[in-house]
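*Asks:* 3D model of this:
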Amino acid sequence: MKFLHALAAVLLLAGCNHAYTAESWEADQVSTFKRYAALRQQSGREKLPWDNLFLQEPAAYAASEAAAGRYGLYSIAMGYRAEEKDAQLFGVDCGSEKTETLPLVFGCMPPGAVFFKRIFEYNVAMLAQPGFPHAAACKIDKKFQADTPEWFDNEVDVVNAERAKNIEKWRKAEKRAYNP
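*Replies:* Here you go, the predicted structure:
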């Protein structure tokens, strides 16, 4: 029996030792958002304004919205006492053109980079829709032109560093004698 416990502990630590890549971190986060969105739906609670970003691929979501005649772009307001009226478009610039937005509001703790990436992908896909009414005014913001923004890679590095620190802490705890 002790052997099985020891084997389980080794396998658990080996599994935890995995370092995320940008792709695996994104997949992990997307599956978490999907799971929570599905749980909200199953319990009959109201959808959150960003659930569709995770229940569907952003390009497919933008296409379905455009097909229904809805061309809203996601905007975000963040910070202490942020309100919907403070929300600004994310990843796209429409100049002074008044566009319909889907405002999201966050307090002092902003969402993770995967969340922003999904919003960016949706907004870019919406700009590309044939019937998008503001095509002449809206452009992709230059600071988001890169395939993987720098801040996304930074988040993955921070997560990996935090996991490595926790694994080291667990390993040290394993070596201490158990003293109830």
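*Asks:* centre of the chain to the longest helix along the chain, how far?
*Replies:* Counting by DSSP state H, the longest helix found in the chain is helix 150-175. Remark: helix 150-175 is offset 19 Å from the chain centroid, using C-alpha atoms, centre = their mean, to the nearest Å.
*Asks:* same check, this time on stretch 66-73
*Replies:* Averaging C-alpha positions (C-alpha atoms, centre = their mean) puts stretch 66-73 22 Å from its chain's average.
*Asks:* show me where the protein has strands.
*Replies:* Taking DSSP state E, the strands of the chain run over residues 73-78, 88-89, 92-93, 101-106, 139-140.
*Asks:* list the contacts of the second one.
*Replies:* This points to strand 88-89. Here strand 88-89 makes contact (C-beta atoms under 8 Å, 6 or more residues apart in numbering) with 73-77, 99, 101, 123. Every C-beta, even on glycine, is put in place using the N, C-alpha and C of the backbone.
*Asks:* which one of the strands of the chain lies closest to Arg40?
*Replies:* Proximity to Arg40 (C-beta to C-beta) singles out strand 101-106 among those, at 15.8 Å.
*Asks:* pairing partners for that closest one, with directions?
*Replies:* Sheet pairing for strand 101-106, assigned by DSSP bridges, gives strand 73-78 (parallel).
*Asks:* which ones are touching the residue most central in space within the chain?
*Replies:* When C-alpha atoms, centre = their mean is applied to the chain, the residue found nearest the centroid is Phe115 (2.1 Å). Taking C-beta under 8 Å, 6+ apart, we find Phe115 in contact with 29, 33, 50, 53.
*Asks:* restricted to helices, list these.
*Replies:* Among those, the members falling in helices (DSSP H) are 29, 33, 53.
*Asks:* in TSV, list those residues along with pLDDT, distance to Ser43 and neighbour count.
*Replies:* Formatted as TSV, the ones in helices among the contacts of Phe115 follow (pLDDT from 0 to 100; distance: C-beta to C-beta, whole Å; neighbours: other C-beta atoms under 10 Å):
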residue	pLDDT	distance to Ser43	neighbour count
Gln29	88	22	21
Phe33	90	16	20
Leu53	91	20	25
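*Asks:* out of those residues, which one sits closest to Ala63?
*Replies:* Leu53 (13.6 Å).
*Asks:* my read is that that closest one contacts Phe116, right?
*Replies:* No. The pair Leu53 / Phe116 is not scored as a contact, 10.4 Å apart, by C-beta atoms under 8 Å.
*Asks:* who's Met78 bridged to?
*Replies:* Assessed by DSSP bridges, Met78 has beta-bridge partners Phe106.
*Asks:* what is the neighbour count of it?
*Replies:* By other C-beta atoms under 10 Å, 16 other residues sit near Met78.
*Asks:* report the buried residues of stretch 121-132.
*Replies:* Buried residues in stretch 121-132, counting neighbours by 16 or more other C-beta atoms under 10 Å, are found at 121-127, 129, 132.
*Asks:* cheers, nothing more for now.
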